[in-house]
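Asks: any chance you could fold what I've pasted below:
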Amino acid sequence: MSASIHLQTSRARHLMQAVSVASLVPMAMAMAISVVVAVTSTPTAHADIWKRVDKNGMSHFSNEHMGKGSVLVIRTKPSRARRASHGSASSAFARNKERYTPLIEKAARQFQLDENLIHAVVRAESAYNADALSKKGAVGLMQLMPGTAQRYGVGNRNDPMQNLKGGVNYLSDLMFQFRNITLALAAYNAGENAVIRYGNKIPPYAETRHYVQKVIGFYLASGKAS
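Replies: Numbers count the residues shown, from 1 in each chain. Below you'll find the model as predicted:
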C-alpha cells in the first residue's frame, strides 16, 4: 500500500487522480507530517505512520509498511495510562462517530466526496461533537460560521444534518474551485479569499498549516492511502 490518496469526485476526477501525499503537501509540510500525525492520538486512532523516500527524493507516507527503505516515523499506539485517562472520551467519541456516520455517508453521496475525507474534517473540526462551539463562534460538527451557514442555506447550525450538509457542500465547492485537497482544506479553515490572496497557496498562518496537516493525518490514518 503506497501513500497515494485517490480522490473520487466526478466534478474534478480528471484533475485529481492518484495524487500522492508528497504532491498534496508542500515539501516543508511533508517533512513535518510525522510530527503532526501525532494528532492521531485523539481517541480511537492507533495507526502507525511509515515513510519512504523514492529514487526521485519524493517522500511518501502510509499507515502500512511500504517495503524496502520504509521507516517508521511515528507509533501512535497509546500507553496503558493514556488509554485509561482517555477511556470516557474514547467512548463518547466512538458513540458520536457511529451516530453521525449515516449522515456523513449521505452527504458524501449527495456531494460526491470521499466519506473518509469528510470524517477527517469532522474529526479535526469537532471530534464528532455536534454541540461544539469555538471561541470564534463556529458551531457544530463542521464548525460552521454564521456567514457560511447563511451562504449554504443552513437555518440551524446546531442541527447535525443541516450542519453536515452545509459544511460538505462548502468543502465540495472548494475542491472544485482549487482542484487540490490541501488548498481546499486551507480554504475551509481560513477562507477561499485567503488562499487566493497568497497566490493559490496555503496561507502562512500557523493555525491553517497545522489544520491541513491534521486533516491529512486523519485521512491517512483512516486507511485511504492506497
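
Asks: what's the host helix or strand of Val195 packed up against?
Replies: Using DSSP states H and E, Val195 sits in helix 192-197. Packing contacts for helix 192-197, counted by 3 or more Cβ pairs under 8 Å, 6 or more residues apart in numbering; DSSP states H and E, involve helix 160-178, helix 181-190. Backbone N, C-alpha and C define where each C-beta goes, glycine included.

Asks: most packed of the ones you listed?
Replies: helix 181-190 (a mean of 25; mean count of other Cβ atoms under 10 Å).

Asks: tell me the mean pLDDT over that helix?
Replies: For helix 181-190, the mean per-residue pLDDT is 97.

Asks: with respect to Met66, which of the helices and strands packed on helix 192-197 lies nearest?
Replies: Closest to Met66 of these is helix 181-190 (Cβ to Cβ; 20.5 Å).

Asks: and that closest one, how far from the chain's centre?
Replies: 10 Å (Cα atoms, centre = their mean, to the nearest Å).

Asks: one more: stretch 117-129?
Replies: Distance, centroid of stretch 117-129 to centroid of chain: 7 Å (Cα atoms, centre = their mean).

Asks: same check on stretch 139-152?
Replies: 17 Å.

Asks: got the CA positions of that stretch in CSV?
Replies: Provided in CSV are the C-alpha atoms of stretch 139-152 (Å, rounded to 0.1, in the frame of the first residue of the first chain):
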residue,chain,number,x,y,z
VAL,A,139,-20.8,25.8,15.6
GLY,A,140,-21.4,22.1,15.3
LEU,A,141,-19.9,19.0,13.6
MET,A,142,-18.3,21.0,10.8
GLN,A,143,-17.9,24.2,12.8
LEU,A,144,-19.9,26.5,10.5
MET,A,145,-19.6,30.2,10.9
PRO,A,146,-22.8,32.3,10.5
GLY,A,147,-21.8,33.6,7.1
THR,A,148,-21.1,30.2,5.7
ALA,A,149,-24.3,28.8,7.2
GLN,A,150,-26.3,31.6,5.5
ARG,A,151,-24.5,31.1,2.2
TYR,A,152,-25.4,27.4,2.1
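
Asks: avg pLDDT for that stretch?
Replies: Throughout stretch 139-152, pLDDT has a mean value of 97.

Asks: tell me which residues are up against it.
Replies: The contact list for stretch 139-152, computed with Cβ atoms under 8 Å, 6 or more residues apart in numbering, reads 100, 121-122, 125-126, 128-134, 136-138, 154-155, 157-160, 163-170.

Asks: off-centre distance for the longest helix along the chain?
Replies: Looking across the chain with DSSP state H, the single longest helix is helix 87-111. On the basis of Cα atoms, centre = their mean, helix 87-111 is displaced by 14 Å from the centre of the chain it belongs to.
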